[in-house]
Each structure stands twice: as C-alpha cells, then as structure tokens.
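J.: This is a predicted model, with the sequence first.
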Amino acid sequence: MSEPIRVVVTGAAGQIAYSILYMIAKGDVFGPNQPLILHLLDIPLMMGVLEGVVMELADCALPLLVSVVPTDDPAVAFKDVSAAFLVGAMPRKQGMERKDLLAANVTIFKVQGEALDKYARKDVKVLVVGNPANTNALVCSQYAPSIPKENFTAMTRLDQNRAQSQIAAKVGVPVANVSNIIIWGNHSSTQFPDASNAKVVVNGKEVPAPSAVQDDAWLRTYFVETVQKRGAAVIAARKMSSAMSAAKAACDHVRDWFQGTAPGRFVSMGVLSDGSYGTPKDVIFSFPVSISNGKWQIVQGLSVDDFAKERLAITGKELEEERSEAFAVVNA
Ligand SMILES: NC(=O)c1ccc[n+]([C@@H]2O[C@H](COP(=O)([O-])OP(=O)(O)OC[C@H]3O[C@@H](n4cnc5c(N)ncnc54)[C@H](O)[C@@H]3O)[C@@H](O)[C@H]2O)c1
Ligand SMILES: O=C(O)C[C@H](O)C(=O)O
C-alpha cells in the first residue's frame, strides 16, 4: 500500500457529496491500493449535518479510508491536498439557467482559489462541479497563481455520460459500446454535444457513431437538445438537481485525470482554452482531451463542420460573457 493522499470535497454536507464520498472512499477514483484522508468542507451552519456524514463514513468500514477531517475552515480543508472536488455552491431551481447562479457562487471560488494557493500541494488537481462550473473554475485558478492553470478543470463529464447513454439507447447497444463523444464549450444549455467523431461497437465491430445511428436529423436536433436540457429535466422531475449522476461523473473525470485514457480514446473536460478549434482563449472551455501521466492534452485535428463551428461560436461567446460578469462581481 502507498502513503495516504489527502483529498478535499467541498459542500460535503450536500446532496452530491452524499454520493461522491462513498465512491471516492471505496477506491473508485484513486484505485484499490491508494489509502485516503478525506477533508470535508462545508459552512458553519452545516457542521451538525456533516457530523452525521462522518458517522456514516465510519460505519461504512472502508479499508482505504485512513481518516476524515470535517471542517468549516478552508485553511484546514485545503492543507496539503492532492485532489480537490469543489462541489459546494448553490444549485439552481426550476426555471433558472446555471448562469443565474453566478453572482451567488462566484465569490466562493475566489475564496477557495486563495485557500488552494496558500495551503494545497502545488500539483493539486482541481475539479469544479459547483455551477456555473466553467466560469467558477476560471475564477478559482486566477486566485491561485502559484498553481499551474492546467490543474483547474470544470466538469462536463455528466453531459458526456448523458450523451453516451442517449446514443447507446438509440442504437440499442450497452453504454460501454459507445466512446469518444465530445462535449464542446460551457456546461450550460449552449453546450454542443457532438457524436460526429464518436465510435459505437455494433455486432462486435467498431463503427462511426453517425453510421450506427443512421439518423443525422436526430443527431442534430433531439440528441443535442436532450443533452443540453437534461439537467433541467432532472430538476423538473426530482425538484432537486442531479446528484447521483453528478457524483459518478465527477469520479469518472478525476479517475481518468489521475489514471489516464486508453489509447485512441478521449474524454471531455472543461480546461483553459488555448484557442484550439477557433474557440476564445482564456475561458474554461470543454474540449476532447487525452490524458497520460496525469496531464491532459486537447485532441487536435478532429473534423469540425460548419454546423459544429456555429455551435462552438455560440457557447464560446456565452463563456466570454460569463467571464466579464464574474470578474465584475469578484472585483466589486
Ligand atoms: N457540473 C455539473 O455537471 C453539475 C452537476 C450537478 C450539480 N452541479 C452543481 O453542484 C453544486 C452542488 O450541488 P448539490 O446538489 O450538492 O447542492 P446542495 O445544496 O445539496 O449542497 C451544496 C453544499 O455546499 C455547501 N456550501 C455552500 N457554500 C459553501 C462554501 N463556501 N464552502 C463549502 N461548502 C459550501 C452548502 O452548505 C451545501 O451543504 C450546485 O452548484 C449544482 O448546480 C453541477
Ligand atoms: O442542471 C443543473 O443545474 C444541475 C447540473 O448542472 C446538471 O447538469 O444536472
């Protein structure tokens, strides 16, 4: 067994955390040979609830979980952490867009960026889940200048998983037969879920997703809209935002970041844009990335047709607008 690593989950008394903590603590992210010390951050008001979560983690009797540090102090929460799941933030309610949360949530990510800068390991890998996730990740990284910008990412893996599941159902194959779906842009209703470079295994043979689906109109309309609006559909049904699937996606994202992607496979992550595919620079934009040795790289040279280019421009513009709004709030 290796030495334990420290992992922080913020919003630890909330609903996503209630699923994610179990998944992380049982080894789904860092593997079955990596012991963990879990740091749990929430606000002072939630410390009583957090005590119950700590009791339940103990009662799970998980062999990899060395200890748990519940706290309302960012200095304690971020001390020496190797990975940070930044979940804690207000979720949207029915009728809201995720960017409506900007004013309420962006300051949290300024404060947590500062705390990461001061207390975390310099190689900490940060996943922002709290919405609006892309712009919060950008703000967080700006306030942590001593940590490389590539260590800050935003979650679009839930959108990728949703898209994968839609394609699998349409073709009538297990979800594991679908790979290389791309989510471009913002984790918002302007995102562009793109199956044009995806692959599907049908009758034991890997084929391009568009030939497996055989319905281009569906791919351009129903598929795109269903994924774009899935978060809202879950809120309408559950009266609360997605939690179990969000927790699973966060674990998928960080597992792949630490453990890498298989040859020829890519996943989608919100990362700092370098302008690839004509996107605006210096926003956190979701791209297809391949990962090895803990480093992601934007996959280059994929075909992007005019339909896709238009959609990339729309979601890129929204991210630029969010960036202006966010910095106006944190600089006020
Ligand atoms: N990126 C995605 O795909 C995705 C998916 C699902 C949900 N989300 C977002 O994740 C966030 C959390 O959702 P949830 O359902 O767990 O919400 P929740 O309300 O159940 O839990 C949020 C928790 O965060 C805590 N919190 C608030 N401010 C904090 C701070 N400054 N420091 C630490 N903790 C703080 C709250 O006290 C609460 O316990 C929301 O913003 C939601 O929109 C993102
Ligand atoms: O849609 C939301 O507000 C929650 C989350 O971002 C989701 O995609 O389910």
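T.: Perfect, thanks for sending it. Ligands and ions are numbered 1, 2, ... in the order given.
J.: residue boundaries of the helices in the protein?
T.: With DSSP state H as the criterion, the chain has helices at 15-25, 47-59, 74-77, 102-119, 133-142, 157-171, 209-213, 216-220, 222-228, 230-238, 244-259, 306-331.
J.: Give the buried residues for the last one.
T.: Using 16 or more other C-beta atoms under 10 Å as the test for burial, helix 306-331 gives A308, R311, L312, T315, G316, E318, L319, E322, R323, A326, F327, V329. For the C-beta atoms, the positions are set from N, CA and C on the backbone; glycine is no exception.
J.: for the second one, same thing?
T.: Within helix 47-59, the residues that qualify as buried by neighbour count (16+ other C-beta under 10 Å) are L50, V53, V54, L57.
J.: Contact residues of this structure facing ligand 1?
T.: Within the chain, the positions near ligand 1 by C-beta under 6 Å from any ligand atom are 10-11, 13-16, 41-43, 46, 87-92, 108, 129-131, 133, 155, 158, 187, 241-243, 246.
J.: Now, of the residues you listed, which are buried?
T.: 10-11, 13-16, 41-42, 46, 87-89, 91-92, 108, 129-131, 133, 155, 158, 187, 241-243, 246.
J.: what's near enough to touch T261?
T.: By C-beta atoms under 8 Å, 6 or more residues apart in numbering, the contact list for T261 reads V267, V289, S290, I291, S292.
J.: Next one, pLDDT for the closest residue to ligand 2 within the stretch 1-150 of the chain please.
T.: Scanning the stretch 1-150 of the chain for proximity to ligand 2 using C-beta to the nearest ligand atom identifies R92 as nearest, at 4.1 Å. Predicted confidence (pLDDT) for R92: 86.
J.: And it, how far from L302?
T.: R92 sits at a distance of 31 Å from L302 (criterion: C-beta to C-beta, to the nearest Å).
J.: burial of D216, as a residue count?
T.: As a burial measure, D216 scores 11 neighbours (other C-beta atoms under 10 Å).
J.: okay, the buried residues of helix 306-331 in a markdown table with pLDDT and distance to ligand 2 next?
T.: Formatted as a markdown table, the buried residues of helix 306-331 follow (pLDDT from 0 to 100; distance: C-beta to the nearest ligand atom, whole Å):
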| residue | pLDDT | distance to ligand 2 |
| --- | --- | --- |
| A308 | 96 | 21 |
| R311 | 98 | 18 |
| L312 | 98 | 20 |
| T315 | 98 | 15 |
| G316 | 98 | 19 |
| E318 | 98 | 15 |
| L319 | 98 | 15 |
| E322 | 97 | 14 |
| R323 | 97 | 19 |
| A326 | 96 | 17 |
| F327 | 94 | 22 |
| V329 | 93 | 19 |
